[in-house]
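J.: Got a predicted structure here, sequence first:
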Protein chains: 2
Amino acid sequence: MFLVHNYSADFDKYLSGLPFSGAADKLYEPIRYILSLGGKRLRPTLLMMAYELYKDDVSTVMPQATALEVYHNFTLLHDDLMDKSDMRRGKETVHNKWNDNVAILSGDAMLILAYRYLFQQLDPSCASVVQQLFTDTALEVCEGQQLDLEFEHRRDVKEAEYMTMIRLKTAVLLAASLKMGTLLAHASAADADALYNFGIGVGLAFQLRDDLLDVYGDPAVFGKKNGGDICANKKTYMLIKALEVADDATCLELNRWIDKKAFDPIQKVAAITAIYDQLKIREFCEIKMKMCYDQALSSLAAVSLPAAKKQNLLDFAEHLMFRTT
Amino acid sequence: MFLVHNYSADFDKYLSGLPFSGAADKLYEPIRYILSLGGKRLRPTLLMMAYELYKDDVSTVMPQATALEVYHNFTLLHDDLMDKSDMRRGKETVHNKWNDNVAILSGDAMLILAYRYLFQQLDPSCASVVQQLFTDTALEVCEGQQLDLEFEHRRDVKEAEYMTMIRLKTAVLLAASLKMGTLLAHASAADADALYNFGIGVGLAFQLRDDLLDVYGDPAVFGKKNGGDICANKKTYMLIKALEVADDATCLELNRWIDKKAFDPIQKVAAITAIYDQLKIREFCEIKMKMCYDQALSSLAAVSLPAAKKQNLLDFAEHLMFRTT
């Protein structure tokens, strides 16, 4: 995946040259910190890849790529605070390293900075559509996070509700990254929508894969223990589907594990995994993933470009879905 | 103040017709709540008054007035959380009525909604300057809040630092409201800057007045007891100036009161007020207020319009500064 690596390296180089500073330096210190923690730079990469389907001068859209990455990191910063997470990318989260107020205020500043970069060197002829896409998407991500928080207190979440939540919380920003690259390149509205839908399909499939790997991933390959979501009672596709399809006795058993305040993690993970096995949740999830991914592929096929042009994006999606490291 | 009342009533009527709703209604409930708590609608009023200096169709700029009010209420929502305030305008604060996560997330959504309204029906020819003004100002307000939080842990804040803080936290948004009205009316850059500076002067004077009234206001007139800031050790102009000009013995006495964990509020207010009296802090504050207000008046005088045209704004500023109810 040489090309993909290049996009993210190019972006990192651009990002590291930006000044995140102002009248109160302590406001900007946590911003520099979270942006320096790295990550896949997925959203900038998608924007750049989409733009390069149509145009060569990708360096001109770096400010908009920055807007997406700064926005994404703003959501991580506030979500970590809401979830009381201690660690992010192997380092302390901002509210842990500083405090809650710092996380709130520096996060707010990041959201404003995202808008600042969105409009930087932005072609006036596409300013209105780009701003609308960004604003609509940003609001949808908040709605997704709201639903996710609500699901914590519910046991009757249905698969369709879960799919709505992960579409809003995760998929729309990936889709918007692709669409923004397309709009910035002045491609057709039809292509912009097709790439958006490609992003939705990939985003959904990617999130389902994440849920699946928590239970069935190879710890030696993915570098984290199985069952983190299970121990935390996280409302993943796996748990929601299991609660949906289980008979009364199995449902009772699942709820018994969920309600337990004290438990042996190994036992809990084993017991719930056994229930998932028995209910064929892995198969349900894989079918759903495939449906989403197939929808993504047919959306990509609808983009009015020769297949060879689209190979990079296809490779990137395959890499996201099937990489084993 | 018939005209001013009309602006805020017109704005309230417009605001009440707007839908604050979406995919996750619980995200929008706290937004409708805080916006319904009322308030002076100072920022929309200033935008509308500035616009009407030049143009008649003030109804066309209601979305931008909304952006300012939604942004302002976003800052109140997050500031109340950071300050752990229980009440706002006589009602429960959002984090108190719901919880911290609701306050964080609904606040974030308000900031995004502010941008949505900013661009609604916005004349494309002034979109860029309006967006830059809004973004720069929003970031400055965060910087001001950051400085305010830092001042809590300091005893060596100087008057100049305090003036910078209140300029950022309070004055720039009032100034930007006036400037935005001017820009939307396509007035000259010179007028836009003069009205901005008028707003800065009024904003600073207004904040100093607020600090002064906490100590010397007539409780019968202003409806709240004296000394709220004193009891909370709030770093107001009064306290900062006192710490700055006091001799060693008086400084020790002030710090002794600040450090006391348990105290009789009446005693503390009386003791610190006596120190302020002795140090002539009231006079210092009144001189500073007058300087800021005079600067505001000379900025208003520089606006290239007949004095009669500007009378409304002048009356409004006088009303803000000298009203006794």
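T.: Looks like it came in fine. Remember, predicted model here, so these are calculated numbers, not experimental data.

J.: Can you pull out the low-pLDDT segments for the stretch 151-300 of chain A?
T.: For the stretch 151-300 of chain A, no stretch is flagged by pLDDT under 70.

J.: For it, what lies in contact range of chain B?
T.: By C-beta under 8 Å from any C-beta of the partner chain, the residues of the stretch 151-300 of chain A that approach chain B are A:164, A:168. C-beta here means a position set from N, CA and C on the backbone, and glycine is covered the same way.

J.: Residue of the stretch 151-300 of chain A closest to chain B, please.
T.: Using C-beta to the nearest C-beta, the closest approach of the stretch 151-300 of chain A to chain B is made by A:L168 at 6.4 Å.

J.: Okay, and the nearest residue to that residue once chain neighbours are set aside sits in which element?
T.: Spatial nearest neighbour of A:L168, excluding adjacent residues (C-beta to C-beta, 6 or more residues apart in numbering or on different chains): A:G144 at 3.0 Å. Element membership of A:G144, judged by DSSP states H and E, is helix A:124-151.

J.: any idea which helix or strand comes after that helix?
T.: Counting by DSSP H and E, the element after helix A:124-151 in chain order, helix or strand, is helix A:159-166.

J.: Just the buried residues of that following helix, please?
T.: Buried residues in helix A:159-166, counted by 16 or more other C-beta atoms under 10 Å in any protein chain shown: A:162-166.

J.: any idea how far A:A232 is from A:I266?
T.: Distance, A:I266 to A:A232, using C-beta to C-beta, to the nearest Å: 15 Å.

J.: What are the phi and psi values at the residue nearest to A:G181 when sequence neighbours are not counted?
T.: Excluding the flanking residues, the one nearest A:G181 by C-beta to C-beta, 6+ apart is A:A50, at 2.9 Å. The phi/psi pair for A:A50 (degrees, to the nearest 10) reads phi -60, psi -40.

J.: Kindly report the same for A:M87.
T.: Dihedral angles for A:M87 - degrees, to the nearest 10 - are phi -130, psi 150.

J.: can I assume A:V61 is in contact with A:L184?
T.: Yes - contact status for A:V61 versus A:L184: in contact at 5.0 Å, counting by C-beta atoms under 8 Å.

J.: Strands along the stretch 1-150 of chain A, start to end?
T.: A:87-88, A:91-92 (DSSP state E, counting those that start in this stretch).

J.: quick one on the thing from earlier: can you check which residues contact both of A:V61 and A:L184?
T.: A:47, A:51 (C-beta atoms under 8 Å, 6 or more residues apart in numbering or on different chains).

J.: Get me the contact residues on the stretch 1-150 of chain A for chain B.
T.: A:22-24, A:26-27, A:78, A:81-82, A:100-101, A:104-105, A:107-109, A:111-113, A:115-116, A:119, A:124, A:127-128, A:131-132, A:135, A:138-140, A:142-147, A:149-150.

J.: Try it again at 6 Å.
T.: The stretch 1-150 of chain A has residues A:22-24, A:26-27, A:78, A:82, A:101, A:104-105, A:108-109, A:111-112, A:115-116, A:119, A:131, A:135, A:138-139, A:142-143, A:145-147 near chain B, with proximity defined as C-beta under 6 Å from any C-beta of the partner chain.

J.: Report the contact partners of A:S299.
T.: Contacts for A:S299 (C-beta atoms under 6 Å, 6 or more residues apart in numbering or on different chains) come out as A:194, A:197-198.

J.: change it to 10 Å
T.: Going by C-beta atoms under 10 Å, 6 or more residues apart in numbering or on different chains, A:S299 touches A:175, A:178, A:193-202.

J.: possible to save the residues you listed as CSV with distance to A:N96, neighbour count and secondary structure?
T.: Converted to CSV, the contacts of A:S299 look like this (distance: C-beta to C-beta, whole Å; neighbours: other C-beta atoms under 10 Å in any protein chain shown; DSSP: H, G, I helix; E, B strand; the rest coil):
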residue, distance to A:N96, neighbour count, secondary structure
A:A175, 31, 28, helix
A:L178, 33, 30, helix
A:D193, 41, 16, helix
A:A194, 42, 23, helix
A:L195, 37, 29, helix
A:Y196, 35, 25, helix
A:N197, 38, 20, helix
A:F198, 36, 29, helix
A:G199, 32, 27, helix
A:I200, 33, 22, helix
A:G201, 35, 24, helix
A:V202, 31, 28, helix
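
J.: which two in these are spaced the farthest apart?
T.: Greatest spatial distance in those: A:D193 and A:V202, 15.0 Å, computed using C-beta to C-beta.

J.: if we can go back for a sec, confirm the residue of the stretch 151-300 of chain A closest to chain B sits in a helix?
T.: Yes - per DSSP: H, G, I helix; E, B strand; the rest coil, A:L168 lies within a helix segment.

J.: Hmm, A:Q146 and it touching each other?
T.: Yes - at 8.7 Å, A:L168 counts as touching A:Q146 under the criterion of C-beta atoms under 10 Å.

J.: Find the residues that touch each one of those two.
T.: With contacts defined as C-beta under 10 Å, 6+ apart, the residues shared by A:L168 and A:Q146 are B:22-24.

J.: Narrow those to just the buried residues.
T.: For the shared contacts of A:L168 and A:Q146, a burial check counting by 16+ other C-beta under 10 Å picks out B:22-24.

J.: so how far is stretch A:47-60 from its chain's centroid?
T.: Averaging C-alpha positions (C-alpha atoms, centre = their mean, to the nearest Å) puts stretch A:47-60 21 Å from its chain's average.

J.: how long is that stretch end to end?
T.: Taking C-alpha to C-alpha, to the nearest Å, stretch A:47-60 runs 12 Å from one end to the other.

J.: Just the mean pLDDT for that stretch, thanks.
T.: The pLDDT scores in stretch A:47-60 average 97.

J.: Would you mind listing the buried residues in that stretch?
T.: So stretch A:47-60, judged by 16+ other C-beta under 10 Å, has buried residues A:47-54, A:58.

J.: And the closest residue to A:D79 other than its chain neighbours, how far from A:A175?
T.: Computed as C-beta to C-beta, 6+ apart, the closest residue to A:D79 that is not its neighbour in sequence is A:Q145, at 6.3 Å. Distance of A:Q145 to A:A175, computed by C-beta to C-beta: 17 Å.

J.: same question, A:G201
T.: Using C-beta to C-beta, A:G201 is found at 9 Å from A:A175.

J.: hang on, the earlier thing: relative to B:R43, which of the strands of the stretch 1-150 of chain A is closest?
T.: Per C-beta to C-beta, nearest to B:R43 of those: strand A:87-88, 35.7 Å.

J.: so what does the closest one touch, helix or strand wise?
T.: helix A:62-83, helix A:94-97 (3 or more C-beta pairs under 10 Å, 6 or more residues apart in numbering or on different chains; DSSP states H and E).

J.: Could you look over those helices and pick the most buried one?
T.: By mean neighbour count, with neighbours taken as mean count of other C-beta atoms under 10 Å in any protein chain shown, helix A:62-83 ranks first of the helices and strands packed on strand A:87-88 at a mean of 23.

J.: Off-centre distance for the host helix or strand of A:V269?
T.: Here A:V269 sits within helix A:265-279, counting by DSSP H and E. Relative to its chain's centre, helix A:265-279 lies at 27 Å (C-alpha atoms, centre = their mean).

J.: what sits up against it?
T.: With C-beta under 10 Å, 6+ apart as the contact definition, helix A:265-279 has outside contacts at A:212, A:214-216, A:225-231, A:233, A:238-239, A:241-247, A:250-251, A:253-254, A:256-258, A:260, A:263-264, A:281-285.

J.: give me that answer again for 7 Å
T.: Here helix A:265-279 makes contact (C-beta atoms under 7 Å, 6 or more residues apart in numbering or on different chains) with A:215, A:226-227, A:230-231, A:238, A:242, A:245-246, A:250, A:253-254, A:257, A:282.
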